[in-house]
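Chemist: Structural data only, the sequence is not supplied:
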């Protein structure tokens, strides 16, 4: 059963043998046939087929009628992802999170649970997605998903509603960096550092930017991508993406991470020591796009040996004695290129931070390398 059923007569919950739509002015009853039902100290816990809840959000006044905290968020990226999950893998829809409903009363008749005057305490977005999905894919498709549901009656339902209304105060929001804990290559790197007795004193942002700076990829796309916090979040959010795997892969080792960190730090220090006169006019590029210049300078290093523990290359000498001069030279070179190329579009400092500008200054055509740069 999956409909709001108007009762007939008095304060009872009769009429469940006559499924129908919500009847204004009548006392609505939601009848469910749970796959699992458990009583706990504050209410009831149910596991129900997702399709049984699809009829709860019926009509344009559903949010008001169910006392939902807010209406459906049509532009929500989270809702779009949930809708896609429900369409492609409905069996996974109910595995994360649960819904909370309120009701004036609960009555159990055999294997049927009736909720009188059901209300949405938490989960109206998901309920609406179910209603939209049943129209698109059908009830049988939705019933492949089992949804966990908690039901509270008075007076507990008002107390629970107040808690849910301020639930954000008690939650630590997920961040893109949380995804890194699932990365097996990073776990392996941590073990390498511990085995060597090295105590890491750097952030994951530093590591990511350093590896991008010393990536053997043919374009500065990755350095540009991770130059901002938003870019870092975008990379970290999908540890299976080609961009992420270009930087963090089975061939990455602790010694290479340390080399990359030291190289980027040294190059940035060389830029910081440039006189203020070198930063005027087109020299503003030094402050606006330092990672572009560092990326260019690091092209002189044997990048394919970065993570080679048996490499005979004197990395310390190259980084300490050669890289500063390469960086200063790259700075003068790229400032000159910027002068010849004319003002960026859009003009001003922000223009030098665009990927097309970086590619232009690196001697690459944004149009011809559009596909290749995204792969690198």
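Modeler: Received, thanks. As the structure is a prediction and not an experimental result, all values here were calculated from the model.

Chemist: buried ones in stretch 255-271?
Modeler: Neighbour counts over stretch 255-271 (16 or more other C-beta atoms under 10 Å) mark 255-264, 266-268, 270-271 as buried. Every residue, glycine included, has its C-beta placed from N, CA and C.

Chemist: what's stretch 311-323 in contact with?
Modeler: 259, 262, 263, 266, 267, 270, 297, 298, 300, 301, 302, 305 (C-beta atoms under 8 Å, 6 or more residues apart in numbering).

Chemist: confidence score at residue 19?
Modeler: According to the prediction, residue 19 has pLDDT 32.

Chemist: wait, residue 109
Modeler: 89.

Chemist: what about it, distance to residue 239?
Modeler: Per C-beta to C-beta, to the nearest Å, residue 109 is found 49 Å from residue 239.

Chemist: ditto for residue 60
Modeler: For residue 60, the distance to residue 239 - C-beta to C-beta - is 41 Å.

Chemist: more neighbours, those two?
Modeler: residue 239 (18 against 8; other C-beta atoms under 10 Å).

Chemist: Skipping its backbone neighbours, what lies nearest the more buried one in space?
Modeler: residue 183 (4.9 Å; C-beta to C-beta, 6 or more residues apart in numbering).

Chemist: ok, back up a step: okay, among the contacts of stretch 311-323, which ones form the most distant pair?
Modeler: Farthest apart among the contacts of stretch 311-323 by C-beta to C-beta are 270 and 305. That separation is 21.9 Å.

Chemist: quick one on the thing from earlier: what is the neighbour count of the residue nearest to residue 239?
Modeler: By other C-beta under 10 Å, the residues close to residue 183 number 16.

Chemist: wait, isn't it in contact with residue 248?
Modeler: Yes. If you go by C-beta atoms under 8 Å, residue 183 and residue 248 touch, sitting 6.3 Å apart.

Chemist: Quickly list what's touching both of these two.
Modeler: Listed as contacting both residue 183 and residue 248 by C-beta under 8 Å, 6+ apart are residue 239.

Chemist: Quick one: mean pLDDT over stretch 325-335.
Modeler: For stretch 325-335, the mean confidence score works out to 96.

Chemist: What of stretch 134-152?
Modeler: For stretch 134-152, mean pLDDT rounds to 91.

Chemist: buried residues in that stretch?
Modeler: 134, 139, 141-152.

Chemist: Then stretch 175-183?
Modeler: Of the residues in stretch 175-183, those buried (16+ other C-beta under 10 Å) are 176, 179, 180, 183.

Chemist: between these, which is closest to residue 229?
Modeler: Distances from residue 229 to the buried residues of stretch 175-183, taken as C-beta to C-beta, are shortest for residue 176 (9.6 Å).

Chemist: Redo the buried residues of stretch 175-183 as TSV? Include pLDDT, distance to residue 85 and secondary structure.
Modeler: Putting the buried residues of stretch 175-183 into TSV (pLDDT from 0 to 100; distance: C-beta to C-beta, whole Å; DSSP: H, G, I helix; E, B strand; the rest coil) gives the following:
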residue	pLDDT	distance to residue 85	secondary structure
176	85	19	helix
179	88	17	helix
180	90	23	helix
183	93	22	coil
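
Chemist: low-confidence ranges in the chain?
Modeler: 1-26, 344-352, 365-376 (pLDDT under 70).

Chemist: domain assignment for it?
Modeler: 4-170, 176-375 (automatic domain parsing).

Chemist: and residue 269, what is it in contact with?
Modeler: Counting by C-beta under 8 Å, 6+ apart, the residues that residue 269 touches are residue 324.

Chemist: Could you say whether residue 217 sits in a helix, a strand or coil?
Modeler: Secondary structure assignment for residue 217 (DSSP: H, G, I helix; E, B strand; the rest coil): coil.

Chemist: thinking again about what came up before, out of the buried residues of stretch 255-271, list just those in helices.
Modeler: With helices taken from DSSP state H, the overlap with these comprises 255-264, 266-268, 270-271.

Chemist: Going by distance to residue 67, which of the residues you listed wins?
Modeler: Nearest to residue 67, judged by C-beta to C-beta, of these is residue 257 at 53.0 Å.

Chemist: Now name the helix or strand holding the spatially closest residue to the closest one that is not a sequence neighbour.
Modeler: Spatial nearest neighbour of residue 257, excluding adjacent residues (C-beta to C-beta, 6+ apart): residue 207 at 5.9 Å. Taking DSSP states H and E as the definition, residue 207 sits inside helix 204-213.

Chemist: ditto for residue 326
Modeler: Short version, using DSSP H and E: residue 326 is in helix 323-341.

Chemist: What are the buried residues along that helix?
Modeler: Neighbour-count burial for helix 323-341, counted by 16+ other C-beta under 10 Å, picks out 323, 324, 326, 327, 328, 330, 331, 334, 335, 337, 338.

Chemist: Please state the offset of it from the chain centre?
Modeler: Put simply, helix 323-341 sits 36 Å off its chain's centre (C-alpha atoms, centre = their mean, to the nearest Å).

Chemist: angle of that helix against helix 254-272?
Modeler: 60 degrees (axes from the mean of the first three to the mean of the last three C-alpha atoms, to 10 degrees).

Chemist: next helix or strand past helix 323-341?
Modeler: Following helix 323-341 toward the C-terminus (DSSP H and E): helix 355-361.
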